[in-house]
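Enquirer: Fold the following and give me the result.
(chains A and B)
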Amino acid sequence: MTRTFTITTPLYYVNGSPHIGHAYTTMAADALARFKRLQGHEVLLITGTDEHGQKIERTAIEAGLSPQAHCDKVVADFRQLWQQYNIQIDRFIRTTDPHHEQIVKEFFQRVLDKGDIYQGQQKGWYCVACEEFKDERDLLADKHCPLHPSKVAEWRDETNYFFKLSAYQEKLEKLYADRPDFIQPPSRRNEVLSFVKGGLQDFSISRVNLDWGIPLPNDPSHTVYVWFDALLGYISALAEPGQTPDLNASISKWWPANVHIIGKDILRFHAVYWPAMLMSAELPLPNMVFGHGFFTKDGKKISKSEGNTVDPLLLAQTYGEESLRYFFLRCFEFGQDGDFSEARFVEIVNNDLANGLGNLLNRTLGMVKKYSEQLIVPSCNVAEIPPDHPLKSIGQDLGSRVSNHYDQLAFSAAAEAIFDLVRASNKFIDDSAPWTMFKAGQHAELQQVLYTLLESARLAGFLLSPAIPKISTAIYQQLGLTIDFDHLQSTLALVDFNAHSAWGFLPVGGQLNSAQPVFARLELAPENST
RNA sequence: GGCUCGAUAGCUCAGUCGGUAGAGCUAAGGACUCAUAAGCCUUCGGUCGGCAGUUCAAGUCUGCCUCGAGCCA
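Expert: Numbers count the residues shown, from 1 in each chain, chains lettered A, B, ... in the order given. The predicted model follows:
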C-alpha cells in the first residue's frame, strides 16, 4: 500500500518577479516532498500562481501588456527559479487555467446552495495593492494605505456577494481545540485563536467592474474575489491532467492536503477563511497549516524601497543551489524569522559541507586506499560493533530522529542531528588515529574504524539528500552505491528507507570509487551593486 | 489600546519535568598528518533585557517595566 502525501506552497501572486521568500518557501516544500518520497510515500508537491485581481490588471496595463501576457511572463520566471533551485514540482496550477475556472464555479455553486452566500452592500476604502477593504481609521493621512504608503485607497460603494464566515465561528473554534496541530507553529496558532475569538465577520467574495477574474456562475457581472479563487487552486491542482474538471473527482486521491506551507503573512486566509469555506462545501480539511518565518538581510527588513532585495536567481547562479538549499534549511528555524547574511552563508556552508561532511568522506577514502591494497569497503563484523561505539551510538537511531524532525518541519533540527554524527566522525578519526593502527599492524581494528567512518558518511549523506540531493548522490557514488537522489522514481524500488536509514547498511567488501571532493569551498562574491 | 512572539557567550541560536549555563561559528594557542591548509585539542568569552515575587532552589514559574518583531481593534 502506498501512502499519499500532499504538500502545497502558496499560489504566488504574480504582480512582480519572484523574490527570495518564494524560493525559501518552495525549497522547504521540496525538501519535505523529497523526504516523504524517500520514505516511500507517493507525493504530490503543488505550487502555482495566483493571477487574477485588479492589482494584476493594473500592473499589466502599466507594463503595456495584456493581463494574460503579463502573467505568462512572470510564470516563466517562477518556472526558471524552480529549475535553478532543483525543485521538483509535481503540479503547477495557474488560476487562469481553464479547469480551475470550472472548479471555482462548482465550488461557488455548492456554497451558494448551502445558503452561505448572500448579496450585500460593501462600502469603504479599498486598497488595490492589498486587495482588501480598509477601515478609515487605519488609513494614513490623505487615505494612503499603511501597508502601501505610496498608494491611495479608493472609495468603493458596491453590491457584493458575501460569504457567511460568521456562521462558522464555533465550528472553527472547535476545530482549533480538537486539532491543536492544525495551525503551526504554536505562536501562529495563538494569533489565529485571538483573531477568531474577537468575532468573525462575513467577507466579500465578489467584485464588480473587474473583468480580470472568474465570473460568478449566478451573476456574471461579478467576478470572484482573488482569495476565494486562489485558495481553490489547491483543489483544482489535484485534477488529473485530461480529466473532466469535477470537484469530487479532484479530491478523490490527493485530498486532504497533508500540509499547506505558507508565509506567516497569509495565515488568516489559510487558517480561518479556507477551513470555513471547506466546511461550507462539506469537504475535508487539510491536516496542517504551517506559517513559516521571514528573514531580514544583514539585520534589516528586506524591501524594495530599502534597496536591499536579494535576487534568488542571481544568488543561485553565483553560489549553486545546493549550498543555498542547505543553508536556508539549516540556519533558520522554520516558523521563526531569521537573518540572511552572505558572509555567514559562505562560512556555514564551507564549514559544514566542505570541511565537515565532504572532507570526512575524502579523508576516509584516502585512508582506505592508502592502508588497504584495494579500494573496497573495509571488512569487519558489523553486527559485533557495540551499541556504545562513538559513531554507532549516534547513528543507530538517527534515521528515526530525523524523520520525526521532518514530520514537524523542523529542518534545522534535522540537519543539526545529522551533523552531530559528522562532527563525531571527524573527532573519531583523531581519537582512534588510524595511521598509528596502520603502523602498529592493528589490521582488524583499523578496518573497523574505517568501516564505521564510511558508514557514518553514508548515513549522513542519505539523510541529507532531501536538502542536498546532488552531494548525496556523489557521496553514494563514491561509496559504490548507485542511487541518484534526483531521480528517485526510477530507482524507488531499490531504495528501502528503513534499510538505508539504518546505521550499518553499507555492504562490507563493496567496490568503492576514488575520492573526489563532493563540495568545493565557496568564495564570498565581491560586493556587487545588485 | 488588546493580544502573540522574541530578548541567553563577539556572531547565529539550543536549553524538554525549575536543581549552580550549552552547541556551532569567529579569535588566540597547541599537538598531529589520513584529507578540500580541511580535521582534532585547549583557551578567551555570559550578573541568561531590567525590577520585584513564589521556592530549599528560577534562564526555566508569577507580576510589572524596557526594547524589538507581528496580529487585531
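Enquirer: ok, now which ones touch A:Leu450?
Expert: The contact partners of A:Leu450, by C-beta atoms under 8 Å, 6 or more residues apart in numbering, come to A:364, A:367-368, A:371, A:378, A:434. Just so you know, the C-beta spots here come from the backbone N, C-alpha and C atoms, and that holds for glycine as well.
Enquirer: repeat that with 7 Å
Expert: A:Leu450 makes contact with A:364, A:367-368, A:378, A:434, according to C-beta atoms under 7 Å, 6 or more residues apart in numbering.
Enquirer: Show me what residue of the stretch 251-400 of chain A gets nearest to RNA strand B.
Expert: A:Gly358 (1.9 Å; C-beta to the nearest atom of the strand).
Enquirer: what about A:Phe327, how many neighbours?
Expert: Residues within reach of A:Phe327, counting by other C-beta atoms under 10 Å, total 23.
Enquirer: Am I right that it is in a helix?
Expert: Yes. Counting by DSSP: H, G, I helix; E, B strand; the rest coil, A:Phe327 is located in a helix.
Enquirer: residues near the closest residue to it other than its chain neighbours, how many?
Expert: Spatial nearest neighbour of A:Phe327, excluding adjacent residues (C-beta to C-beta, 6 or more residues apart in numbering): A:Phe345 at 5.0 Å. Per other C-beta under 10 Å, the neighbour tally for A:Phe345 reads 20.
Enquirer: Isn't A:Phe345 up against A:Tyr326?
Expert: No. Judged on C-beta atoms under 7 Å, A:Phe345 makes no contact with A:Tyr326 at a distance of 9.6 Å.
Enquirer: First-to-last residue distance for stretch A:323-340?
Expert: 14 Å (C-alpha to C-alpha, to the nearest Å).
Enquirer: repeat for stretch A:40-58
Expert: 45 Å.
Enquirer: For the stretch 51-200 of chain A, just list every one of the helices.
Expert: Along the stretch 51-200 of chain A, counting by DSSP state H, counting those that start in this stretch, helices occupy A:54-62, A:67-84, A:98-114, A:169-178, A:186-197.
Enquirer: need those in a markdown table with mean neighbour count, can you?
Expert: Output for the helices of the stretch 51-200 of chain A, formatted as a markdown table (neighbours: other C-beta atoms under 10 Å):
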| stretch | mean neighbour count |
| --- | --- |
| helix A:54-62 | 18 |
| helix A:67-84 | 17 |
| helix A:98-114 | 19 |
| helix A:169-178 | 14 |
| helix A:186-197 | 15 |
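Enquirer: do you know which of these lies nearest A:Ile251?
Expert: Among the helices of the stretch 51-200 of chain A, helix A:98-114 comes nearest to A:Ile251, with 10.0 Å by C-beta to C-beta.
Enquirer: then the closest one to PDB, C-alphas only?
Expert: C-alpha atoms of helix A:98-114 as PDB (Å, rounded to 0.1, in the frame of the first residue of the first chain):
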ATOM      1  CA  PRO A  98      -9.400  26.700 -17.700                       C
ATOM      2  CA  HIS A  99     -10.100  23.700 -15.500                       C
ATOM      3  CA  HIS A 100      -9.500  25.900 -12.400                       C
ATOM      4  CA  GLU A 101     -12.400  28.100 -13.500                       C
ATOM      5  CA  GLN A 102     -14.700  25.100 -13.600                       C
ATOM      6  CA  ILE A 103     -13.700  24.000 -10.100                       C
ATOM      7  CA  VAL A 104     -14.200  27.500  -8.700                       C
ATOM      8  CA  LYS A 105     -17.700  27.800 -10.300                       C
ATOM      9  CA  GLU A 106     -18.700  24.400  -9.000                       C
ATOM     10  CA  PHE A 107     -17.400  25.200  -5.500                       C
ATOM     11  CA  PHE A 108     -19.100  28.600  -5.500                       C
ATOM     12  CA  GLN A 109     -22.400  26.900  -6.500                       C
ATOM     13  CA  ARG A 110     -22.100  24.400  -3.700                       C
ATOM     14  CA  VAL A 111     -21.600  27.100  -1.100                       C
ATOM     15  CA  LEU A 112     -24.400  29.100  -2.700                       C
ATOM     16  CA  ASP A 113     -26.700  26.200  -2.500                       C
ATOM     17  CA  LYS A 114     -25.800  25.700   1.100                       C
END
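Enquirer: How far does that helix sit from its chain's centre?
Expert: 28 Å (C-alpha atoms, centre = their mean, to the nearest Å).
Enquirer: Now do it: everything it contacts.
Expert: Looking at what lies outside helix A:98-114 - C-beta under 7 Å, 6+ apart - the contacts are A:93, A:117, A:214, A:216-218, A:224, A:229, A:232-233, A:235-236, A:239, A:245, A:247, A:250, A:277, A:280-281.
Enquirer: switch the cut-off to 6 Å
Expert: The contact list for helix A:98-114 (C-beta atoms under 6 Å, 6 or more residues apart in numbering) reads A:117, A:214, A:217, A:224, A:229, A:232, A:235-236, A:239, A:245, A:247, A:280-281.
Enquirer: Lowest pLDDT pick from the contacts of A:Leu450?
Expert: Lowest in pLDDT among the contacts of A:Leu450 is A:Pro378, which has 92.
Enquirer: List the residues that contact A:Ser465.
Expert: A:472, A:485 are the contacts of A:Ser465 under C-beta under 6 Å, 6+ apart.
Enquirer: Could you measure from it over to A:Gln243?
Expert: 33 Å (C-beta to C-beta, to the nearest Å).
Enquirer: what bits of the stretch 151-300 of chain A have low per-residue confidence?
Expert: Where the stretch 151-300 of chain A drops to pLDDT under 70, the residues are A:298-300.
Enquirer: For it, which residues are neighbours of RNA strand B?
Expert: Residues of the stretch 151-300 of chain A lying near RNA strand B by C-beta under 7 Å from any atom of the strand: A:186-187, A:190-191, A:194-195, A:198, A:264-265, A:268, A:299.
Enquirer: how about 6 Å then?
Expert: For the stretch 151-300 of chain A, the contact set with RNA strand B under C-beta under 6 Å from any atom of the strand comprises A:187, A:190-191, A:194-195, A:198, A:265, A:268.
Enquirer: and the residues you listed, which two are the farthest apart?
Expert: Most distant of these, by C-beta to C-beta, are A:Gly198 and A:Asp265, 18.9 Å apart.
Enquirer: who's more crowded, those two?
Expert: When A:Gly198 and A:Asp265 are compared for neighbours, A:Asp265 comes out ahead with 11 against 8, by other C-beta under 10 Å.
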